[in-house]
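Novice: pasting the sequence and the predicted coordinates here, then a few questions.
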Amino acid sequence: MKILPQTSLKSFHTFGLDVQAEKIIQADTVQDFIQIWEGYSKEPKLLVGEGSNLLFCENFEGIIILNRLKGIGLNETDSAWHLEVAGGENWHDLVCWTLDNGMHGLENLALIPGLTGSAPIQNIGAYGVEFKDRCEYVDVLMLETGEVRRFSCDECEFGYRDSVFKRQLKEGTIIVSVGLILPKSGLSNLEYGPLAQLKKNPHLTPKDVFDKVCEIRREKLPDPLQMGNAGSFFKNPIVSQLTAKTLKEKYPKMPCYEISETEVKLAAGWLIEAAGLKGRVFGGAAVHEKQALVLVNKNLATALDVISLARIVVETVQGQFNVQLEHEVRFIDKNKETRLASL
């Protein structure tokens, strides 16, 4: 455990906003987490990995705990590779590690920012693959008892950018490691949009898929080191079949994806762009010029700039399409998580 000398959060979240915390503590072991929660029982606390999905709405009047648990374990069977990965491992580095060691199954999830311990919370996903598709279990520290409990994939209750860790287990728990299963017989998923062209390659390798995913993401998404952002700011909204049909009649080019007999997923980025918001600026914040789903810190944005711009996007899309956007990014106020609608 290490108490950092600085209190600025600018370098600990990818939006790069100039906000402060009361104290920043680095946790390197499970015991560190227990000691921090016992030693600072009354102070507000927030666990942060790489801050890739956070928007600090103001200074945080509490303690930021940095997850720095490290380690990757491997158990190989005839049919699969079984990985146990510590929550503080960088996700993209893990994807690279699997490919370097002759494993496949995570290549579609390349370049997703953040730590492995955050992956189950959001049930991260990209290009036809979600975390749940590779999850075997999640090990969780129950802070009230100090025990580590193992949750099976089913017990995690994964949904679209959702899990039990965003609901019943949102408080009083820390994901310390995840178990992943990568079947040796599995093939890369090439069913999603831009990856379909790879089917023409008879000698296709998982590394080829990885390279294509990285190419696509780098073309569309700004590098947080160059322009602060938190990736996809809004979730793709899910609407009824009737709503989708009505919108499709009015906007024939609108992309939509049927996910059940009653529900359809719309593309939030398309809705934002079609509403004329691509490139929209508020203060130092902007809707990214290449990918409307991303809000960026273009010019020394304040938290209020980003919040105001997010509200403009939500209200404009609601007014034009009668579709309510929900932010994927976690909003943090002075002592807890909050929602745009509550600000």
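Specialist: Received the coordinates, thanks. Numbers count the residues shown, from 1 in each chain.

Novice: which ones are touching the residue nearest to Asp78 when sequence neighbours are not counted?
Specialist: Using Cβ to Cβ, 6 or more residues apart in numbering and skipping residues adjacent in sequence, the residue nearest Asp78 is Lys184, 7.8 Å away. Bear in mind the C-beta positions are built from the backbone N, C-alpha and C, glycine included. Contact analysis of Lys184 by Cβ atoms under 8 Å, 6 or more residues apart in numbering lists Asp78, Ser79, Ala80, Trp81.

Novice: so where's the stretch 151-300 of the chain shaky on pLDDT?
Specialist: Scanning the stretch 151-300 of the chain for pLDDT under 70 picks out nothing.

Novice: 90 - rerun?
Specialist: Applying pLDDT under 90 to the stretch 151-300 of the chain flags residues 160-161, 186-189, 191-194, 196-197, 199-202, 219-221, 225, 259.

Novice: where do the helices sit along it?
Specialist: 206-220, 241-250, 268-274 (DSSP state H, counting those that start in this stretch).

Novice: and those, which is most packed in?
Specialist: helix 268-274 (a mean of 21; mean count of other Cβ atoms under 10 Å).

Novice: hmm, who's touching that one?
Specialist: Against helix 268-274 from outside (Cβ under 8 Å, 6+ apart): 232, 234-237, 251, 254-255, 278, 287, 291-293, 313, 317, 320-321, 323, 325.

Novice: same deal with stretch 279-299?
Specialist: Residues contacting stretch 279-299 (Cβ under 8 Å, 6+ apart): 15-17, 219-222, 227-234, 268-270, 272-273, 277-278, 300-302, 304-306, 308-310, 312-313.

Novice: quick check: buried residues in it?
Specialist: Buried residues in stretch 279-299, counted by 16 or more other Cβ atoms under 10 Å: 280, 282, 284-288, 291-298.

Novice: quick one, strands of the stretch 101-250 of the chain?
Specialist: According to DSSP state E, counting those that start in this stretch, the stretch 101-250 of the chain carries its strands in the segments 125-126, 129-130, 135-142, 147-152, 173-183, 228-232, 238-240.

Novice: parallel or antiparallel, list what pairs with the third one.
Specialist: Sheet pairing of strand 135-142 (DSSP bridges) gives strand 147-152 (antiparallel), strand 173-183 (antiparallel).

Novice: before we move on, the earlier item: what subset of the contacts of helix 268-274 is buried?
Specialist: So, of the contacts of helix 268-274, 232, 234-237, 254, 278, 287, 291-293, 313, 317, 321, 323, 325 end up buried under the neighbour-count rule (16+ other Cβ under 10 Å).

Novice: now intersect the contacts of Lys184 with the strands, please.
Specialist: Members of the contacts of Lys184 lying in strands (criterion: DSSP state E): Ala80, Trp81.

Novice: look up how far Glu263 lies from Leu242.
Specialist: Taking Cβ to Cβ, to the nearest Å as the measure, Leu242 falls 11 Å from Glu263.

Novice: skipping adjacent residues, who's closest to Leu309 in space?
Specialist: Per Cβ to Cβ, 6+ apart, closest to Leu309 is Phe282, 4.1 Å.

Novice: wait, isn't Ile181 in contact with Ser79?
Specialist: No: Ile181 lies out of contact with Ser79 (Cβ atoms under 8 Å); the separation is 9.4 Å.

Novice: and the pLDDT at Tyr40?
Specialist: Confidence at Tyr40, expressed as pLDDT, is 95.

Novice: residues contacting it?
Specialist: Tyr40 neighbours (Cβ under 8 Å, 6+ apart): Ile63.

Novice: distance check, it against Gly276.
Specialist: With Cβ to Cβ as the criterion, Tyr40 and Gly276 are 47 Å apart.

Novice: what's the local residue count around the nearest residue to Gly231 once chain neighbours are set aside?
Specialist: Nearest non-adjacent residue to Gly231, counting by Cβ to Cβ, 6+ apart: Pro113, 6.0 Å away. Other residues within reach of Pro113, judged by other Cβ atoms under 10 Å, total 21.

Novice: for Pro113, give its distance to Pro224.
Specialist: Pro113 is 7 Å from Pro224, by Cβ to Cβ.

Novice: between the two, what contacts are shared?
Specialist: Joint contacts of Pro113 and Pro224 (Cβ under 8 Å, 6+ apart) are Thr14, Ser52.

Novice: can I assume Cys214 is in contact with Ile112?
Specialist: No: counting by Cβ under 8 Å, Ile112 is not a contact partner of Cys214; they are 10.7 Å apart.

Novice: longest helix in the protein, please.
Specialist: helix 303-321 (DSSP state H).

Novice: mean confidence (pLDDT) on that helix, please.
Specialist: 98.

Novice: that helix vs helix 241-250, what angle?
Specialist: Calculated by axes from the mean of the first three to the mean of the last three Cα atoms, to 10 degrees, helix 303-321 forms an angle of 80 degrees with helix 241-250.
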